[in-house]
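Enquirer: Provide a 3D model corresponding to the input given below.
(chains A and B, ligands or ions: 2)
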Amino acid sequence: MSEDTRHSRLLARARDKRTGEWEAELADIRAARGDFPGLDYFLSLHAEGPSPEKIEERTGMPPVALLCLQAPIEIFLAQGFFPVKILGGSHGCANLTSPKLPALMCPTLKAVLGETELDPRLPRIPWVLPLTCDWMVKFKETRALFGDFPGPVHLLEVPRLRESAETGDRWVREVSKLSGFLAKIGGKKLNAKNLSKAMGTMEEARKAQAELAVLRRKGLVPARVHALIQGAFFFDRAENWTRSVNLVIGAVRKKAGNGDAPNETGRENPVFLSGSPVFFPNFKILKLLETAKLNVLADDLCSSERLFPRHVAVTDRTVEGMTRALADAYHRGCLCPVFAENAHRASVIKEAQNEAGVRGVVFHLLKGCHPYDLDSFSLEEALRGWGLKFLKIETDYSAEDGQNLLTRLEAFRPTLNVEKRTAK
Amino acid sequence: MSLKSLRLLVQHASFVVLIYGGRFGVRLGPGVPCFACPYVNGCGGQCYLMGLQGYIGFGISAADFWGFEGARALFWFLVFVVLVALLGKLWCGFVCPFGLFQDWLTMLRRRLGFSGLKIAPETMAKLGIVKYVLLAWLVLGPIMINLGILHRDFYLPFCQMFCPAKPILPVFGGELRHFALDVTNLVTTIVTSTSLAVTGGTLAAMFARPRFFCVFCPLLAMIHFLKPVTLLALKKEPALCHGCGTCRRVCFMDVEKVWLEKAESDVQCVDCVNCGECVDSCSASGALRLTFAGKPLAKSSRARSLGLKKHRGAA
Ligand code: SF4
Ligand code: SF4
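Expert: Ligands and ions are numbered 1, 2, ... in the order given. Below you'll find the predicted structure:
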């Protein structure tokens, strides 16, 4: 069999596997949560898959592939581009690229590389690669193993230090360079009007996200539903996403007001989900948590509640002022473990303990994700002082360890209530 | 209501009372801990700095220092202390008419689309020492006058030479005469030309950088000296801070401590004017608080930062 035929067969098999994974996960969510109010929009967006053409058609903006969330979304929108976070959650895609890559490499990036193999249109669109973890730093070269990016690629250097004026200024320059790149490929420059409009659009999205978080803290939004809603952000115009989230919020409030809880287990066994991101269709950890009756009331995943900064405070509406505001919010406010001196890492967990009463933290670690692995130790130390239970789950995209993980999660559940019982 | 809106409301109301109050019978006396400039025709209260310079000048020379005049000086000092103890730097952030004037200049600049002047925090920290020099000058100047070391025309040495509010605020009372050069003698020429130079330079700088003068304000330093008895304070819960630096960026006084503090809850530092911008903008729920006698008056939250009105729940 020729090399080409073998490769085509591998591609066909991976494509089938990926399609199967997407369909199976969607069917499973539909079966379990189909009655969740307002979910159809988010399900149908995922069902269409990550096609650049469809995204362009829906948003009216040419897509730019984006990995990691340090690049301000507002800059893309202002300059007429739609940033698409390529969902790296397919096991089939990760397997496709595995033979050419280190065994212990981040599975998300393996899967993203796999997506670029499966869909030849993907590498042709412009890419913005924030240089965050080592895997991201080497991403462009790693992709070259499968063929160079035919389209334009921008490497966005992310300073690892955040508490000095120098790195702050350097990062603002990097964000301006990103804007220069977008102007070069799209011909539209950043100005106070388009940037202000994009910031307004995103501020509305943030409000919707904050309101959704309130419902989540009350145990009204199941883990996979929440993930599906967040993931859909990169499929449609921000305005449409916001409107749909607001519809969900209204419907859930109404349902809860009628005493008809949209999540049967509610606030029982409340936990915080921390660690590596969770991308569709690999909702394995979320499903296991649901099965183990552990309710995720908050998280700090960059695929979920950290999808975009909570707030961008603007005092100065000049382009420079707004760019600085964005740069700060996307950099200094980011809790990603790739940064040095990440003392604030646990702050959102403390907040969730205060406000939602979470009793434990499930730390999701994807094998090969070294920054999160390192981070987990100091985090566990910090949490112990606050009386929070901690469980680290190290996994990959395969289904084999499912039963084992479920057993561990189920064993974790009673420990959450130990103090509560003693107190009684 | 956000602290920002409340502040704007209080600032404008205070401006009317302190600048025009005298015209409708308001007389708050000389113990007001902000730039309620007595040079304004028909003002409603008087900045304590003028009283202080006057009392020091009087106290050294008068035979009856321990009599009625001394008691009066002590009374107004106590009024000043009580007012500071109650409201702390809210006098600067919410009440001071000259603070509002500076805020107007900043609003105007932003409306015109100018980005403004960036001054490195280290430079500002160094320049901040000037406020103590001015404080020393307004205490020692009158003493030197009474000891005959300084000419009597240096009377009220801070107001006459270095206070930009003295020529500027009377304009709102319809008077421009404080912009005139007095060439009666060499001393008046030095005094008034210094005043004009300081005012011109400060005016330009205040347009370019928010609250530029506050960094040099000797009254700010005095209020801060009373911190141990002040009931109002800015507090931080470091464990809840995300480190996003928003508090640093929105702070027109360039306070870094609120952002960088990782252990202490006391973040009330000398340059903080308790404007509350940081509390309004911080999205970490409970990380920042404006407190009165330890009780929170306002707390940062995700909802507050986003201006969500009907926020049912905590996040
Ligand atoms: S704005 Fe709040 S969360 Fe951000 S650095 Fe300041 S105190 Fe911390
Ligand atoms: S630290 Fe906060 S309250 Fe103090 S001056 Fe700055 S923004 Fe205002």
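Enquirer: doesn't B:Tyr155 make contact with B:Val187?
Expert: No - at 9.9 Å, B:Val187 does not count as touching B:Tyr155 under the criterion of C-beta atoms under 8 Å. In this view, the C-beta of every residue, glycine as well, is placed from N, C-alpha and C.
Enquirer: poorly predicted segments of the chain, please.
Expert: Using chain A. Residues of chain A meeting the criterion pLDDT under 70: A:1, A:264-265, A:419-424.
Enquirer: that was the other one, I meant chain B.
Expert: B:57-66, B:310-315.
Enquirer: mind doing that once more with 90?
Expert: Counting by pLDDT under 90, chain B has low-confidence residues at B:1-2, B:24-31, B:41-42, B:45, B:50-75, B:110-126, B:141-157, B:175-184, B:294, B:308-315.
Enquirer: for the closest residue to ligand 1 within the stretch 301-424 of chain A, give its distance to B:Leu127.
Expert: Ligand 1 sits closest to A:Gly333 of the stretch 301-424 of chain A, with a gap of 6.6 Å, by C-beta to the nearest ligand atom. The spacing between A:Gly333 and B:Leu127, counted by C-beta to C-beta, to the nearest Å, is 29 Å.
Enquirer: neighbour-wise, which of these two wins?
Expert: Between A:Gly333 and B:Leu127, counted using other C-beta atoms under 10 Å in any protein chain shown, the more crowded position is A:Gly333 (21 against 13).
Enquirer: can you tell me the closest non-neighbouring residue to that one?
Expert: Spatial nearest neighbour of A:Gly333, chain neighbours left out: B:Cys244 (3.1 Å); criterion: C-beta to C-beta, 6 or more residues apart in numbering or on different chains.
Enquirer: quick one: secondary structure of that neighbour?
Expert: coil (DSSP: H, G, I helix; E, B strand; the rest coil).
Enquirer: just B:Met253 next, same as before
Expert: Secondary structure state of B:Met253, per three-state DSSP, is coil.
Enquirer: A:Asn292 and A:Leu406 touch, don't they?
Expert: For residue A:292 the amino acid is Ala, not Asn. Yes - here A:Ala292 reaches A:Leu406: they are 6.0 Å apart, a contact under C-beta under 8 Å.
Enquirer: and chain B, which residues reach chain A?
Expert: Proximity of chain B to chain A, by C-beta under 8 Å from any C-beta of the partner chain, involves residues B:110, B:113-116, B:120-121, B:239-246, B:249-250, B:252, B:259-260, B:262, B:277, B:281, B:283-287, B:302-303, B:305-306, B:308, B:311-315.
Enquirer: in stretch A:243-257, what's buried?
Expert: Buried positions in stretch A:243-257, judged by neighbour count with 16 or more other C-beta atoms under 10 Å in any protein chain shown: A:244-246, A:248-249, A:252-253, A:255-256.
Enquirer: now do the closest residue to chain A within the stretch 51-200 of chain B against ligand 1, distance only.
Expert: Nearest residue of the stretch 51-200 of chain B to chain A, counting by C-beta to the nearest C-beta: B:Ser115, 4.7 Å away. Separation of B:Ser115 from ligand 1 (C-beta to the nearest ligand atom, to the nearest Å): 22 Å.
Enquirer: could you confirm that residue falls within a helix?
Expert: No - with three-state DSSP as the criterion, B:Ser115 is coil rather than part of a helix.
Enquirer: show me what contacts it?
Expert: B:Ser115 sits next to A:316, A:318, A:320-321 when contact means C-beta atoms under 8 Å, 6 or more residues apart in numbering or on different chains.
Enquirer: coming back round to it: out of the residues of chain B next to chain A, which are buried?
Expert: Burial by neighbour count, 16+ other C-beta under 10 Å: within the residues of chain B next to chain A this picks out B:110, B:116, B:239-246, B:249-250, B:252, B:259, B:277, B:281, B:283-287, B:302-303, B:305-306, B:308, B:311, B:313-315.
Enquirer: okay, now the domains of the chain?
Expert: No chain was given, so I picked chain A. Listed by automatic domain parsing, the domain ranges of chain A are A:3-188, A:214-309+A:335-423.
Enquirer: wrong one, chain B
Expert: Using automatic domain parsing, the domain parsing of chain B gives B:3-223, B:232-314.
Enquirer: ok so, going back, and the residue nearest to A:Gly333, what does it touch?
Expert: Contacts of B:Cys244 by C-beta under 8 Å, 6+ apart are A:309, A:328-329, A:332-333, B:282-284.
Enquirer: before we move on, back to that, between the buried residues of stretch A:243-257, which is nearest chain B?
Expert: Closest to chain B, out of all of the buried residues of stretch A:243-257 and judged by C-beta to the nearest C-beta, is A:Arg253, at 8.0 Å.
Enquirer: since we're on the residue lying closest to the closest one once chain neighbours are set aside, how many residues are nearby?
Expert: Distances taken as C-beta to C-beta, 6+ apart place A:Leu215 nearest to A:Arg253, at 7.2 Å, with adjacent residues excluded. The local packing of A:Leu215 (other C-beta under 10 Å) involves 21 other residues.
Enquirer: can I assume A:Leu215 sits in a strand?
Expert: No - judged by three-state DSSP, A:Leu215 forms no part of a strand; its state is helix.
Enquirer: got a list of what it touches?
Expert: A:Leu215 sits next to A:221, A:249, A:252-253, A:256, B:313 when contact means C-beta under 8 Å, 6+ apart.
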